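**Q** here you go, sequence then predicted model.
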Amino acid sequence: MVVQKTIASFLDRKTAAIDALIGRKEKLLELLKEKRSALIDQAVTKGLDPTVPMKDSGIPWIGKVPAHWTVSRLKHFSPQITVGIVVTPAKYYTDSGVPCPRSLNIKPGLILREPMVFISPETNELHSKSKLRRGDLLCVRTGQPGTTAVVDESLDGANCIDLIVVRNSAAFVSSYLCFVMNSTLALRQYEEGAEGALQQHFNVETAGNLLIPLPPVSEQTDLARRLLVIDDNVCRMANRVRIQLALLREYRQSLITAAVTGQLDIPEAPTP
């Protein structure tokens, strides 16, 4: 009984210290997430030059924007906003062929290649309305509405399943628009009309009516480049913290296992 109490007391002290450190690391992850979001929101509404003249956008949740920017609905500068294969898409699936991203493949700014479904070239032509082109944007309709990524050259000519397709245009830089559509600014618009709760469906009409702050194309290019650097730096820091968290959790478990199986020499607490 004395040995059991000694082990329990030892583990209580050690795991409490580890849990406190895990809590601090988890808090740091949240702070990094908030920092990333704040930096992106600032860049896509105010730009990166604090000295530039500003004007009222006329939109309360956007506030002031640089005087030389416009604020326009997405449908006014994208030549087409459409939707991928929606009606019983599974009947078209094949073991190989034309890749078709689905909502589970779309993360903010990233298209995951696994797991991917495929359709035949014939089906792709049948649904040519949603055939993808490099620079198009894909937006999730259900689950995490509005989550957006850019189609790269490897998916040029592919298709998609139940996703919003925003066609590329000379009026915008796709990587910049992707940051805008994943920002808090866009998220707030996805929530409109849903009593503060995220809508379960993001449709063509919702996408077309998104209000987008739009700098000149040359400035979009610069903003996108600098936002990619910011995003990469924050993601690197977050990944380091995640690795540290995994190691701490692994150490906590191994410490418990070693203690209860007699692999540790645990000194008895001194008698008061």
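**A** Noted; the coordinates are in hand. Numbering: from 1, shown residues only.

**Q** give me the number of residues near the nearest residue to residue 110 once chain neighbours are set aside?
**A** Here the nearest residue to residue 110 in space, its sequence neighbours aside, is residue 149; by C-beta to C-beta, 6 or more residues apart in numbering that works out to 5.5 Å. Quick note: C-beta positions are derived from backbone N, CA and C, even for glycine. Residues near residue 149, counting by other C-beta atoms under 10 Å, number 25.

**Q** so residue 149: helix, strand or coil?
**A** Each residue gets one of three states, and residue 149 gets strand by DSSP: H, G, I helix; E, B strand; the rest coil.

**Q** correct me if wrong: it contacts residue 113.
**A** No - if you go by C-beta atoms under 8 Å, residue 149 and residue 113 don't touch, sitting 11.7 Å apart.

**Q** surely residue 258 is in a helix?
**A** Yes - applying three-state DSSP, one finds residue 258 inside a helix.

**Q** torsion angles phi and psi at the most centrally placed residue in the chain?
**A** Among the residues of the chain, the smallest C-alpha distance to the mean C-alpha position (C-alpha atoms, centre = their mean) belongs to residue 108, namely 2.9 Å. The phi and psi values for residue 108, taken as degrees, to the nearest 10, are phi -50, psi 110.

**Q** now do the contacts for it.
**A** 147-149, 182 (C-beta atoms under 8 Å, 6 or more residues apart in numbering).

**Q** please apply the same query to residue 56.
**A** Here residue 56 is in contact with 63-64 (C-beta under 8 Å, 6+ apart).

**Q** go again using 6 Å as the cut-off
**A** Applying C-beta atoms under 6 Å, 6 or more residues apart in numbering to residue 56 gives the contacts residue 64.

**Q** hey, what's it bridged with?
**A** For residue 56, the beta-bridge partners under DSSP bridges are residue 64.

**Q** gap between it and residue 64?
**A** With distances defined as C-beta to C-beta, to the nearest Å, the gap from residue 56 to residue 64 amounts to 6 Å.
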